[in-house]
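> what follows is a predicted structure for the sequence shown.
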Amino acid sequence: MTERIVVLGSNGQIGTELVTALRRSYGENNVVACDIRRPDYDIKNAGPFEFVNVLEKDTLNTIFKKYKPTQVYLLAALLSATGEQNPKLAWDLNMNGLLNILDLALVYKTAKVYWPSSIAVFGPGSPKEHTPQFCVMDPNTVYGISKLAGERWCEYYHQKYGLDVRSIRYPGIISWKAAPGGGTTDYAIHIFHEALKKQSYSSFLSADTELPMMYMDDAVRGTIELMDAESSKLNIRSSYNFAGVSFTPEVLAAEIKKHIPDFKLSYTEHDPRQNIANGWPKSIDDSYAVNDWAWKPKFDLATMTADMLENLKNTK
Ligand code: AKB
């Protein structure tokens, strides 16, 4: 069967690279990129593109009717830091966008739906080290609250209506192609740009703030592997814990210094993102992903850092 794939939120940090990877596997014309904004790179020229606001049900209905997708990826969201600046909009977009897609997927009998969750579903009461799949979850950002509620909706639609929804709790994703989207983990991308440009960076997170992270290549591969997995093997229908590497700003800076010896890291105090990071896990136990769909990251801190710097150098 030919897959027809619709990606909503295709211009974001993950969408940009996911669309390219999906088009490589399934063919350019079988992957429809959709976003509220015009793409400023060649996604538009490499296959179909549609302007879509995931809060506009009529437009979404037209897209489902026109393309009859077999798979839908819903990536449009407001992340942790920007969400705190506009909590009601974050709730509306993150929650009603998801409900619109789940409902249309039932109407149009979409075979599989992908929706990303985040480590933001955990909170100050969750275990910090090797945070398990099931534990206390008390998110204290509107982003985390909406992701946790969204996970419950995904499982509900699966159990009640048999919808094949799949999801991953992304850590901070590190990449060089598209800019990050307003998250708490964004420092770990800015640092590379500034290291190459100015040999210095002021981190908005403190030296010892350890957070789970992952290189984009792993994140995209893992996402497609989950979508390709046999449905009967998947025991988690809320969202899978998903681990790559964990590090602090200090440890990342030390790795960058191996390539740029003059690099200097300083710290900005009293940034609201510090408070968000303080409530998040340091590392993740992803044994369900490992057991159910053989998840294994390829990049560690050293290979990720080398690859980031190499690619960014070539784009300057
Ligand atoms: C954020 O920092 O908000 C995101 C995330 C971890 O989901 N990168």
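Noted; the coordinates are in hand.
> quick one, phi/psi of Cys135?
Note on Cys135: backbone dihedrals following degrees, to the nearest 10 are phi -170, psi -180.
> could you double-check that it sits in contact with Ser126?
Yes. At 5.4 Å, Cys135 and Ser126 qualify as touching, with contact defined as C-beta atoms under 8 Å. Heads up, the C-betas are built off the backbone N, CA and C, glycines and all.
> the more surrounded of these two?
Neighbour count, other C-beta atoms under 10 Å: between Cys135 and Ser126, Ser126 has more, with 18 against 13.
> low-scoring stretches of the chain, by residue?
41-45, 316 (pLDDT under 70).
> up against the ligand, what does it have?
If contacts are counted using C-beta under 6 Å from any ligand atom, the residues of the chain sitting beside the ligand are Leu79, Ser80, Ser118, Ile119, Ala120, Tyr143, Tyr170, Pro171, Gly172, Gly183, Thr184, Thr185.
> report how many residues lie close to the second one.
Other residues within reach of Ser80 by the criterion other C-beta under 10 Å amount to 28.
> and if you look at the fourth one?
Taking other C-beta under 10 Å as the criterion, the count of residues near Ile119 is 27.
> helices or strands next to the host helix or strand of Ala254 in the packing?
Ala254 is part of helix 249-257 when elements are defined by DSSP states H and E. Contact partners of helix 249-257 among helices and strands, from 3 or more C-beta pairs under 8 Å, 6 or more residues apart in numbering; DSSP states H and E: helix 187-198, strand 200-203, strand 264-267, helix 301-315.
> buried residues in the last one?
So the one you mean is helix 301-315. Neighbour-count burial for helix 301-315 flags Leu301, Met304, Thr305, Asp307, Met308, Leu309, Leu312 (criterion: 16 or more other C-beta atoms under 10 Å).
> and if you look at stretch 128-145?
Neighbour count says stretch 128-145 has Thr131, Gln133, Pro139, Asn140, Thr141, Val142, Tyr143, Gly144, Ile145 buried, by 16+ other C-beta under 10 Å.
> got the contact list for it?
Outside stretch 128-145, the residues within contact range by C-beta atoms under 8 Å, 6 or more residues apart in numbering are 77-80, 83-84, 87, 90-91, 94, 118-127, 147-148, 236, 240-241, 276, 279, 281-285, 287-288.
> let's see 6 Å
The set of residues that contact stretch 128-145 without belonging to it, under C-beta atoms under 6 Å, 6 or more residues apart in numbering, is 79-80, 83, 87, 90-91, 120-123, 125-127, 148, 241, 276, 279, 281-285, 288.
> among these, name the ones in strands.
Asn241 (DSSP state E).
> among the contacts of stretch 128-145, which are in helices?
Taking DSSP state H as the definition of helices, the contacts of stretch 128-145 contribute Ser80, Gly83, Pro87, Ala90, Trp91, Leu148, Ile276, Tyr288.
> how about the contacts made by the second one?
Read that as Gly83. Applying C-beta under 6 Å, 6+ apart, we find Gly83 in contact with Ala90, Val142, Tyr143.
> apply 8 Å and report the result again.
Listed by C-beta under 8 Å, 6+ apart, the contact partners of Gly83 are Ala90, Asn94, Thr141, Val142, Tyr143, Ser146, Gly182.
> spatially nearest residue to it, not counting backbone neighbours?
Ranked by C-beta to C-beta, 6 or more residues apart in numbering and with sequence neighbours excluded, the top spatial neighbour of Gly83 is Ala90, at 3.5 Å.
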